[in-house]
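*Asks:* quick one, what's the 3D model for this:
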Amino acid sequence: MAIPKPKNLLYFPTSDIRYTIIPKNACTTVKATLLFREGVSVNPMNVDEIHLVLAEAYLCNETQQGLTLAVVRDPAKRFVSAFLDKIVANPLQQVWRSVIKHPSIRLSLPKLVNLSPFDELEIEKLTFLDFSRAVALIPDIHLEIHLRSQSWYLAGRKHDHILSYDSPNWQRQLADLVGCDVVVVRPHGTQPYACPDNTFPGADTMTIGDLRNNFQLTGRLPAAKDFLSPEAIDILQARYTCDYTAIADIL
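*Replies:* The predicted structure follows:
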C-alpha cells in the first residue's frame, strides 16, 4: 500500500517559493522570513501564531509550482534538539506518548518495562539513550512529527534549493533567496539556555527527570555534543540512515 506524502508544503507568491516544512530544522525562522517577505506583520516571539495562524494561509498541494526550498540538518543534532525542546524543557505528552505507548518499548527497554507498575513506564525514568533506543524501533508513520526522519518530509521531492542548517552561511543564503532580511525566531529553541560543551559529560545517561529538574533550577541544559556519545551516535545513525544518505547525496 502506497503511503501518501505528508501535507507539509507552503507556497509564498511574492518570492515564488514552495517550501517543504521539516520540524526542528529552523522551520519557524524560515516561515517568519517568507511571511515577512509577503508583507505580513510577524512577531518573532509568538511561535504559535507563526505556525498555527499566519503560515496556515499559505498551505498548498503537490501540484503548486515555484522554486522549491527545504532546509536539512545533521540528524543526530536534530534529534537532540527535539529531545531537549519537546521532552525535557517543554514536555508535550503527544510527543513522548508516541514512543512510550508503542509496542517496541518492550523490545528496546524490557528491563525498565518489566519493573514499571501497572504495565506503564514513566517518561522521567528514561535516559537519553533509553529514549533513543525506543525511537530506533518505531517507523516514522507511528512517531510524533518532531521525531520523524527528514526523509519522511522530503518525500522524494526534487528541490531547487536545499540549505544546510549546519552551515554558518545558511541564513545569508536564505536571505538572498527570499530577497529580505531573515526573521530569526528562537524563543523555543535550545540555544538560549544551552551550557557550553563538556559541562555535562555523560548527559546521555542522565534521566529525563534529572535533566528537567536541573533545567528548572538553573535554566540551563547540556549542549547537544554532551549527549552524542559513541553509543548514542551509533543508535541514531542506524535509526536515521535514510537521512544521512539523503543529505550526503544532496549536499
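*Asks:* ok now the helix or strand bottoming out on mean pLDDT in the chain, how far from the chain's centre?
*Replies:* Across the helices and strands of the chain, the lowest-confidence element by mean pLDDT, DSSP states H and E is helix 110-114, at a mean of 81. Centre-to-centre, helix 110-114 and its host chain are 28 Å apart (Cα atoms, centre = their mean, to the nearest Å).
*Asks:* residues making contact with the following helix or strand past that helix?
*Replies:* Next along the chain after helix 110-114, taking DSSP states H and E as the criterion, comes helix 128-136. Where contact means Cβ atoms under 8 Å, 6 or more residues apart in numbering, the residues beyond helix 128-136 that reach it are 79-80, 83, 87, 99-100, 102, 104-105, 108-109, 112, 126, 143, 147, 203-206, 208, 227, 229, 231-232, 235-236, 238-239. Where you see a C-beta, it was placed from the backbone N, CA and C, and this is true even at glycine.
*Asks:* same check on stretch 36-51?
*Replies:* Under the criterion Cβ under 8 Å, 6+ apart, residues 12-15, 28, 31-32, 35, 54, 58, 178-181, 183-185, 187-188 lie in contact with stretch 36-51.
*Asks:* could you rerun that using 10 Å?
*Replies:* 12-15, 17, 21, 23, 27-29, 31-35, 52-58, 175, 178-189 (Cβ atoms under 10 Å, 6 or more residues apart in numbering).
*Asks:* picking up where we left off before, with just CA atoms, put the least confident helix or strand of the chain into CSV.
*Replies:* This file holds the C-alpha atoms of helix 110-114, laid out as CSV (Å, rounded to 0.1, in the frame of the first residue of the first chain):
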residue,chain,number,x,y,z
PRO,A,110,12.5,-4.8,28.5
LYS,A,111,14.0,-4.3,32.0
LEU,A,112,12.5,-0.9,32.5
VAL,A,113,9.1,-2.0,31.3
ASN,A,114,9.1,-5.1,33.5
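*Asks:* pull out the buried positions in stretch 123-134.
*Replies:* 123, 126-134 (16 or more other Cβ atoms under 10 Å).
*Asks:* to clarify, my last question referred to stretch 164-175.
*Replies:* 164-165, 170-171, 174.
*Asks:* from those, which is closest to Leu67?
*Replies:* Taking Cβ to Cβ as the measure, Leu67 lies nearest Leu174 of the buried residues of stretch 164-175, at 12.4 Å.
*Asks:* which is the succeeding secondary structure element to the helix or strand harbouring that closest one?
*Replies:* Assigned by DSSP H and E, Leu174 belongs to helix 170-178. Following helix 170-178 in sequence order, the next helix or strand is helix 208-218 (DSSP H and E).
*Asks:* now do that following helix: which elements does it pack against?
*Replies:* Contacts defined by 3 or more Cβ pairs under 10 Å, 6 or more residues apart in numbering; DSSP states H and E place helix 208-218 against helix 128-136.
*Asks:* state the mean pLDDT of the helix it packs on.
*Replies:* Per-residue pLDDT over helix 128-136 has a mean of 96.
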